[in-house]
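[1] Kindly return the folded structure for what I paste below:
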Amino acid sequence: MMFPVIDVRALDSARARGERYGSRARERVIHSVQTYARLFADCGLDWTEAGRRAMGYRDAIHATDPDLLAEMEGIAQGARLVFSDILALNCRSELLPPSFLSQVSDQADEARLHNQALGLVDWGECTAIAVSASASSDAHTWLAQNWDWIGRQRAALVVLHTRDAQGQAIATLTEAGMLAKIGLNDQGMAVGLNILRSIADGTKPGVPVHVLLRHALSFESLHAFRSRLAALANGPGFGAASNIPAADASGDIGSFEIAPGGWSEYQAQDGVVVHTNHFLCDRLADQQAVMASSLSTEARLRCAQAYARTRPIGVAAIEALLRDESDGFLSVCRRPDPALPEQARVESVAAVRIDCSTQRWWIAPGVPSQVAFEEVATGFPAVRQLGSA
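    Okay, here's the model as predicted:
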């Protein structure tokens, strides 16, 4: 079943758009709060303290785009929550400790995990691929990825149709209460997300990545976004590490690694770029936080690189990568491990492929090997819907 679609584009103010979003997604926003309250608790951080720490990111968000603060205030009002709740959701990657992917389980007892230490659970998430028009079989530019996360959070996902202050239309698959995650705009600019972990995560407030993803969708090209990344790095900086795979209608593709220590672009090779959950840019290699030996990020990267060597790359190959189960429960396409309790079952909660050339997108609303990719209307001008998969 496809995720609920919430369209707030008709409203003039950012606060009004947020209020309608929060009101219409209220139950799912509360689900998000419950999920992250439990997750933060496993890291030794209670929800009240998470909200207090999130408030420290307001200045960085204001420096990025003050309308996004107003929108979050509206979301809180519409969902009948306090502002710090919504801010904590949008800062969830920054509030999680740098050691999260390897040590989150130190606070969990073995009984909860059927005698399997959480350190043996791969909390890494997401395999992404961007394909330029020169490397694709249909001469279109594609961005696609799986989003791997706690399975229960699938029940919080929404498709949000919104716009920026200039009226540019945006469509994003996100967790209810958050401004954006994976998405595209009506100019054919698309972004995704691979969470990384840096030794400096959370050491000082900077732009939260989910705020940055939404901000990225207000640009018409990667060229413009690159310039903005440089300005943000020299201004408020970034609060935590992430990678933003991106593509635009001109055929430009890239993968932008950010961290409190700076940013760098991982360049495409022969018209294709793939990324998982560790730093690939030499400039940021010393920022990498310690990862558990069980993390699948390097194996998934090798798997994605193998698919990337296929030429030309078509929709069938992209979907085959996102459905690859060659490494069992640690594959690119991740099925939940029934041996683990619900709160530790990481799985592919959804998969997305975006055609930047025609501004169309398809979502698999579950483990992609088990569900079909369904085209989801963007609501962009009809002329931008021309073309075929």
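[2] need the contact list for Val29.
    Gly22, Ile75, Ala79, Leu81, Ile86, Leu89, Ala156, Ala176, Gly177 (Cβ atoms under 8 Å, 6 or more residues apart in numbering). Where C-beta positions appear, they are placed from N, C-alpha and C, glycine not excepted.
[3] what helix or strand is it on?
    Val29 belongs to helix 26-42 when assigned by DSSP states H and E.
[4] Now do the buried residues in that helix.
    26, 28-33, 35-37, 39-40, 42 (16 or more other Cβ atoms under 10 Å).
[5] want to throw these into JSON lines with distance to Ile253 and pLDDT?
    As requested, those are arranged in JSON lines below (distance: Cβ to Cβ, whole Å; pLDDT from 0 to 100):
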{"residue": "Arg26", "distance to Ile253": "37", "pLDDT": "98"}
{"residue": "Arg28", "distance to Ile253": "32", "pLDDT": "98"}
{"residue": "Val29", "distance to Ile253": "33", "pLDDT": "98"}
{"residue": "Ile30", "distance to Ile253": "37", "pLDDT": "98"}
{"residue": "His31", "distance to Ile253": "34", "pLDDT": "98"}
{"residue": "Ser32", "distance to Ile253": "30", "pLDDT": "98"}
{"residue": "Val33", "distance to Ile253": "35", "pLDDT": "98"}
{"residue": "Thr35", "distance to Ile253": "32", "pLDDT": "94"}
{"residue": "Tyr36", "distance to Ile253": "31", "pLDDT": "95"}
{"residue": "Ala37", "distance to Ile253": "37", "pLDDT": "95"}
{"residue": "Leu39", "distance to Ile253": "32", "pLDDT": "90"}
{"residue": "Phe40", "distance to Ile253": "35", "pLDDT": "92"}
{"residue": "Asp42", "distance to Ile253": "36", "pLDDT": "85"}
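[6] which one of those sits closest to Val5?
    Nearest to Val5 among the buried residues of helix 26-42, counting by Cβ to Cβ, is Arg28 at 12.2 Å.
[7] Distance-wise, check the closest one relative to Gln153.
    Using Cβ to Cβ, to the nearest Å, Arg28 is found at 10 Å from Gln153.
[8] Give me the subset of the contacts of Val29 lying in helices.
    Counted as lying in helices by DSSP state H, out of the contacts of Val29, are Gly22, Ile75, Ala79, Ile86, Leu89.
[9] lowest-pLDDT helix or strand in the chain?
    helix 100-103 (a mean of 50; mean pLDDT, DSSP states H and E).
[10] next helix or strand past that helix?
    Moving toward the C-terminus from helix 100-103, the next element (DSSP H and E) is strand 127-131.
[11] wait, Ala320 sits on Tyr307?
    Yes. Applying Cβ atoms under 8 Å as the test, Ala320 and Tyr307 come out as touching, 6.8 Å apart.
[12] Quick check on those two: which one has the bigger neighbour count.
    Set Ala320 next to Tyr307 and count neighbours by other Cβ atoms under 10 Å: Tyr307 wins out with 19 against 14.
[13] show me the contacts for that one.
    Residues near Tyr307 by Cβ under 8 Å, 6+ apart: Ile129, Val274, Ile313, Ala317, Ala320, Leu321, Asp324.
[14] and it, what are its phi and psi?
    With angles defined as degrees, to the nearest 10, Tyr307 sits at phi -70, psi -30.
[15] Need the phi and psi values for Val349.
    According to degrees, to the nearest 10, Val349 has phi -70, psi -20.
[16] thinking it is in contact with Trp147, fair?
    Yes. Using Cβ under 8 Å, Val349 makes contact with Trp147 at a distance of 5.7 Å.
[17] mind listing the helices for the stretch 251-389 of the chain?
    If DSSP state H, counting those that start in this stretch is used as the criterion, the helices of the stretch 251-389 of the chain fall at 297-308, 315-322.
[18] what residue ranges in the protein are flagged as low confidence?
    98-124, 292-294, 382-389 (pLDDT under 70).
[19] What is the helix or strand following the helix holding Val29 packed up against?
    In the C-terminal direction, the helix or strand that comes right after helix 26-42 (DSSP H and E) is helix 47-54. Packed against helix 47-54 by the contact rule (3 or more Cβ pairs under 8 Å, 6 or more residues apart in numbering; DSSP states H and E) you find helix 26-42, helix 83-90, helix 92-95.
[20] Quick check: buried residues in the helix or strand just after helix 47-54?
    Using DSSP H and E, the next helix or strand after helix 47-54 towards the C-terminus is helix 58-64. Neighbour-count burial for helix 58-64 flags Arg58, Ala60, Ile61, Thr64 (criterion: 16+ other Cβ under 10 Å).
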